[in-house]
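*Asks:* Sequence and predicted model, in that order:
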Amino acid sequence: MENQVQKTIAILLTEGFEQVEMTEPRKALEAEGFQTDLITPEGGDVKAWNETDWGDIFKAHKALNEASPNDYDALLLPGGVMNPDQLRMDKNAVAFVEAFFESDKPVAAICHAPMMLIEADVVEGRKVTSYPSLQTDLRNAGAEWVDEEVVVDGNLVTSRTPDDIPAFNQELIKLIKEGVHVGQQV
């Protein structure tokens with residue numbers, strides 16, 4: 001890693017997040033020398049969903065009330081149906097997401113995670129992708145939904161499914177290293 005301050009990435013999740021949508025981006029981020037912190041509403045252990053059944057258990061680094069968006073350089077939102085559906089009902093989790101947009105920090109959301117972006121009211125006028133079942137919800141929230149492997153719009157990276165993780169990781173890392181790209185929509 002070049003002579004630079006280590007960047008720290010918040011990973012916001014709760015019970016039922018899609019395991020590979022956290023573990024693979026996390027591995028890629030840590031391979032770049034970034035620190036990752038798992039943040040959950042209550043702290044403690046959190047169980048992943050692994051395709052069709054419960055997956056591994058992970059220990060959170062912090063409870064949401066102990067985490068400040070100011071301490072992080074970017075935010076990763078894994079999908080899974082249960083994870084963002086539960087998080088969007090937590091006003092503190094929604095405020096945590098909003099804070100990253102207010103400070104123009106990179107945010108990455110994959111699969112069903114854009115539900116959190118809808119709840120945080122940050123998709124209007126943005127080009128995004130997601131799991132196909134969310135396209136109507138995203139359009140109704142004012143987003144331009146497209147069926148593409150990965151979409152970068154300003155400080156936001158979105159992808160559709162675990163199949164898109166390699167492209168998702170590449171664009172997330174690029175965005176964290178470079179910041180908002182000139183010429184992208186914001």
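*Replies:* Thanks, I have it. None of these values were measured; they are calculated from a predicted model.
*Asks:* Show me what the residue most central in space within the chain bridges to in the sheet.
*Replies:* Centroid-nearest residue in the chain: Leu77, 2.2 Å away (criterion: C-alpha atoms, centre = their mean). Note on Leu77: beta-bridge partners Ala109, judged by DSSP bridges.
*Asks:* Would you agree it is in contact with Val94?
*Replies:* No - assessed by C-beta atoms under 8 Å, Leu77 is found out of contact with Val94, at 11.5 Å. In this view, the C-beta of every residue, glycine as well, is placed from N, C-alpha and C.
*Asks:* list residues touching both of the two?
*Replies:* Residues touching both Leu77 and Val94 by C-beta atoms under 8 Å, 6 or more residues apart in numbering: Met116.
*Asks:* The residue nearest to the centre of the chain: what's it in contact with?
*Replies:* For Leu77, counting by C-beta under 8 Å, 6+ apart, the contacting residues are Ile11, Leu12, Leu13, Pro84, Val97, Val107, Ala108, Ala109, Ile110, Ala113, Met116, Leu117.
*Asks:* Go again with 7 Å.
*Replies:* Counting by C-beta atoms under 7 Å, 6 or more residues apart in numbering, Leu77 makes contact with Leu12, Pro84, Val107, Ala108, Ala109, Ala113, Met116.
*Asks:* Among the residues you listed, which are located in helices?
*Replies:* Counting by DSSP state H, the part of the contacts of Leu77 found in helices is Pro84, Met116.
*Asks:* State the phi and psi torsions of Ser159.
*Replies:* The phi/psi pair for Ser159 (degrees, to the nearest 10) reads phi -140, psi 170.
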